[in-house]
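Enquirer: Here's my sequence, what's the structure:
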Amino acid sequence: MTSNIKRRDFLRTATGLGATLGVLGGAQQASGSDNTAQPCAQPAFPQVQKVTAVVADFVLKEQLTDIPSDVLELGKKSILDALGLALSGSKAETAGLIAKYVDSFGSQPGGATVLGSSAKFATRFAALANGVAIHVDDFDDTQLAVAKDRVYGLLVHPTVCVLPAALAVAEMRGMSGKDLLVAYHVGVEVECKIAESISPRHYQDGFHSTGTCGVFGSTSACARLKGLDGDATLRAFAIAASHSAGLRENFGTMMKPFQAGHASESGVVAVDFAALGWTGAEQILEAQRGFFHAYGGGYDPSAIVDRLGKPWTFQNPGVSIKPFPSGSLTHPGMTELLRLVKTNAIHATDVDRVEVGTSRNMPNTLIHHRPTNSLQAKFSMEFCMAIILVDGKADLTKFTDTVVNRPDVQAMINRVHFYADPEAEKEGYDKMTTIIKISLKDGRVIKGRADFGKGSPTDPMSYEDVAEKFQGCAAFAEWPKAKATQVIDLVRKLENVPDVRSLTALLSK
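Expert: Numbering: from 1, shown residues only. From the prediction side, this is the model:
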């Protein structure tokens, strides 16, 4: 593969890119049209060559100096955020189950750090364990979107797929913080641009895009760290595509974080097999029987061709860092409800009914309307509203089976009406428009509206805000405060760290 791929090589027809906005295979579903349309009504799949090749070229050629300083700083916030979540996630039931699974293979000397523990696992299993831990509380960062039909960037959680794999590989090879940063950023950029490209049908029909698109991010990071050449990187993407998996029906169960961890693990596996010489299709993204067609029915080449790093996703449309451990679609409503409660001194006993209106795609994801456990509660607008009204906050201590099933919480859940609102629908799917109406027992009605929540690019967290969240996660994990403070300082200057093992040591018992 040549290092410089010319734009004209991508196109089989002169109208290739110009036609792509009309070839998004999920357009009919997005508009609510009848799915029984005749085959002749379906747009043609884009005939564009070497998309996979240009992605591989980007992965291999980017240098730290190519990454803008603001992007590097935004990335550090997401990295610190994820490390804190790995600590708090190490307390989840899933951590013990994964350890039992890995132990079934017998003891193995050495390995990469399982964050928040004294364990060392083989690289792939460390990526799996840390990925599950970062995502298990659904508290990790989330991609946004540009196009109004893309369902909020298909809700990819970028860091969880890339960082665990990159950190495990970098630790095992004794690589620098600079190496880790470059690999992390190219991985996040690749997975987010792939999610931005694929037809919205991909997400709407049930794929969990963190698991499906995230595997290309982890593969990109590992290919960079392991020094694969162009041909091997193409083959690694082919292997990764066959690992791409995840279904939204699993939301509210252990499988949702598993799908994120699996995406991270699969990047390690794909690169290891490619390095051995394992073969695979070199046009796996754009081929008629490849990823974009099989998983989405269509894609927009203009969202990825000549778009990697132009601008970086961290710059535009941005990545949100979560203030609450629940699905990101709940956050605008939770942020606004907290404001309304404080401004109007609302008490739970005052509330008669709460109406929460959003676009139709939000109830399609927040599927648990009467949750009975903590995992379901993370995908329940009703619980997220109720817990703020009843307890005045929604931190990690509130998303437990015990709290979810408290009689006062269940009673408030029954007072919350979550519905699709035409006004919110008109705003498009690049926003999370949430309209709140609180009817009080004294006859007053209090209204509010928000398009995004705290932590989004429109209302971002500072590094200090993320550090405070990190300390909260560390305290939840009963992690020594001195070690936690050192991690905060080290990540802030990560490009100057000579060996990432100094970082993982602070996150290991």
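
Enquirer: my read: residue 394 touches residue 331, true?
Expert: No: using CB atoms under 8 Å, residue 394 is not in contact with residue 331, being 9.8 Å away. For every residue, glycine as well, the C-beta is placed using N, CA and C.

Enquirer: what do those two both touch?
Expert: Common neighbours of residue 394 and residue 331, using CB atoms under 8 Å, 6 or more residues apart in numbering, are residue 324.

Enquirer: Now name the helix or strand holding residue 418.
Expert: Using DSSP states H and E, residue 418 sits in strand 416-420.

Enquirer: List the residues that contact residue 351.
Expert: By CB under 8 Å, 6+ apart, the contact list for residue 351 reads 389, 412, 415, 438-441.

Enquirer: gap between it and residue 444?
Expert: Distance, residue 351 to residue 444, using CB to CB, to the nearest Å: 11 Å.

Enquirer: how's this protein carved up into domains?
Expert: Following automatic domain parsing, one gets these domains for the chain: 7-31+38-67+122-320, 328-450.

Enquirer: In terms of pLDDT, where does the spatially most central residue of the chain sit?
Expert: The centre of the chain sits closest to residue 157, judged by CA atoms, centre = their mean, with a distance of 0.3 Å. We have a pLDDT of 95 for residue 157.

Enquirer: name the element residue 446 belongs to?
Expert: With DSSP H and E as the criterion, the answer for residue 446 is strand 445-450.

Enquirer: Other residues contacting that strand?
Expert: 332-333, 335-337, 339-340, 344, 346, 432-440.

Enquirer: Okay, and which of those residues map to helices?
Expert: Within the contacts of strand 445-450, residues falling in helices by DSSP state H are 332-333, 335-337, 339-340, 344.

Enquirer: Now whichever strand or helix holds residue 160 - C-alpha only, CSV.
Expert: Using DSSP H and E, residue 160 sits within helix 158-172. This file holds the C-alpha atoms of helix 158-172, laid out as CSV (Å, rounded to 0.1, in the frame of the first residue of the first chain):
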residue,chain,number,x,y,z
PRO,A,158,-15.2,6.0,22.1
THR,A,159,-12.6,5.7,24.9
VAL,A,160,-13.8,2.4,26.3
CYS,A,161,-13.0,0.6,23.1
VAL,A,162,-9.6,2.1,22.5
LEU,A,163,-7.9,2.9,25.8
PRO,A,164,-8.0,-0.6,27.5
ALA,A,165,-6.4,-2.2,24.4
ALA,A,166,-3.9,0.6,23.8
LEU,A,167,-2.9,0.8,27.5
ALA,A,168,-2.4,-3.0,27.8
VAL,A,169,-0.2,-3.1,24.7
ALA,A,170,1.8,-0.1,25.7
GLU,A,171,2.3,-1.4,29.2
MET,A,172,3.5,-4.8,27.9
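
Enquirer: Which neighbouring elements make contact with it?
Expert: With contacts taken as 3 or more CB pairs under 8 Å, 6 or more residues apart in numbering; DSSP states H and E, helix 158-172 sits against helix 69-89, strand 112-113, helix 123-135, helix 177-197, helix 209-225, helix 255-276, helix 501-506.

Enquirer: The nearest residue to residue 398 once chain neighbours are set aside: neighbouring residues, count only.
Expert: For residue 398, ignoring the flanking residues on the chain, the nearest one in space by CB to CB, 6 or more residues apart in numbering is residue 387 at 5.1 Å. Per other CB atoms under 10 Å, the neighbour tally for residue 387 reads 26.

Enquirer: next one: residue 277
Expert: 8.

Enquirer: any idea how far it lies from residue 223?
Expert: Taken as CB to CB, the span from residue 277 to residue 223 is 15 Å.

Enquirer: hmm, back to that, and the host helix or strand of the residue nearest to residue 398, how far out from the chain middle?
Expert: Under the criterion DSSP H and E, the helix or strand holding residue 387 is helix 381-391. Between the centre of helix 381-391 and the centre of its chain there are 24 Å (CA atoms, centre = their mean, to the nearest Å).

Enquirer: what does the next helix or strand after that helix contact?
Expert: With elements assigned by DSSP H and E, the helix or strand that comes after helix 381-391 is helix 401-404. Residues outside helix 401-404 that contact it (CB under 8 Å, 6+ apart): 371-374, 376-377, 383, 387, 391, 397, 409-410.

Enquirer: which of the residues you listed lies closest to residue 205?
Expert: Using CB to CB, residue 376 comes nearest to residue 205 of these, at 22.0 Å.

Enquirer: Now the residue lying farthest from the centre of the chain: closest residue in space that isn't a chain neighbour?
Expert: Of all residues in the chain, residue 442 has its C-alpha farthest from the mean position, at 42.1 Å, by CA atoms, centre = their mean. The shortest distance from residue 442 to any non-neighbouring residue, by CB to CB, 6+ apart, is to residue 350 (7.1 Å).

Enquirer: now residue 70
Expert: What sits nearest to residue 70 in space, not counting adjacent residues and going by CB to CB, 6+ apart, is residue 315, at 6.7 Å.

Enquirer: what's near enough to touch the one you found?
Expert: Residues in contact with residue 315 (CB under 8 Å, 6+ apart) are 68, 70-71, 74.

Enquirer: So of those, which two are at opposite extremes in space?
Expert: Between any two of the contacts of residue 315 (CB to CB), the greatest distance is 9.4 Å, for 68 and 74.

Enquirer: higher neighbour count, the two?
Expert: residue 74 (24 against 14).

Enquirer: Name the nearest residue to the more buried one, sequence neighbours excluded.
Expert: Nearest one to residue 74, counting by CB to CB, 6+ apart, is residue 314 at 4.3 Å.

Enquirer: follow-up on the earlier one: only the buried residues of the strand holding residue 446, if you could.
Expert: For strand 445-450, the neighbour count (16 or more other CB atoms under 10 Å) marks 446, 448, 450 as buried.

Enquirer: which residues touch the very next helix or strand once past it?
Expert: Next helix or strand after strand 445-450 toward the C-terminus (DSSP H and E): helix 463-476. Outside of helix 463-476, the residues within contact range by CB under 8 Å, 6+ apart are 73, 76-77, 80-81, 83-85, 87-88, 91, 139, 321, 323, 395-397, 461, 481, 483-485, 487-488, 492.

Enquirer: Which among those residues count as buried?
Expert: Judged by 16+ other CB under 10 Å, buried ones among the contacts of helix 463-476: 76-77, 80-81, 83-85, 87-88, 91, 139, 321, 323, 395-396, 461, 484, 487-488.

Enquirer: picking up where we left off before, can I get the contacts of helix 401-404 in TSV including pLDDT?
Expert: Putting these into TSV (pLDDT from 0 to 100) gives the following:
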residue	pLDDT
371	97
372	96
373	94
374	93
376	94
377	96
383	98
387	98
391	97
397	93
409	98
410	98
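
Enquirer: Check these against residue 359 and report the nearest one.
Expert: residue 383 (19.8 Å).

Enquirer: correct me, but that closest one touches residue 415?
Expert: No: Residue 383 is not in contact with residue 415 according to CB under 8 Å; the separation is 11.9 Å.

Enquirer: Compare neighbour counts for those two and give me the winner.
Expert: Taking neighbours as other CB under 10 Å, residue 383 and residue 415 compare with residue 383 leading, 30 against 18.

Enquirer: List the contacts of the more buried one.
Expert: Contacts of residue 383 (CB under 8 Å, 6+ apart): 368, 371, 376-377, 404, 409, 413.

Enquirer: how about the nearest residue to it, chain neighbours excluded?
Expert: Residue 383's closest residue in space is residue 377 (CB to CB, 6+ apart), at 4.2 Å.
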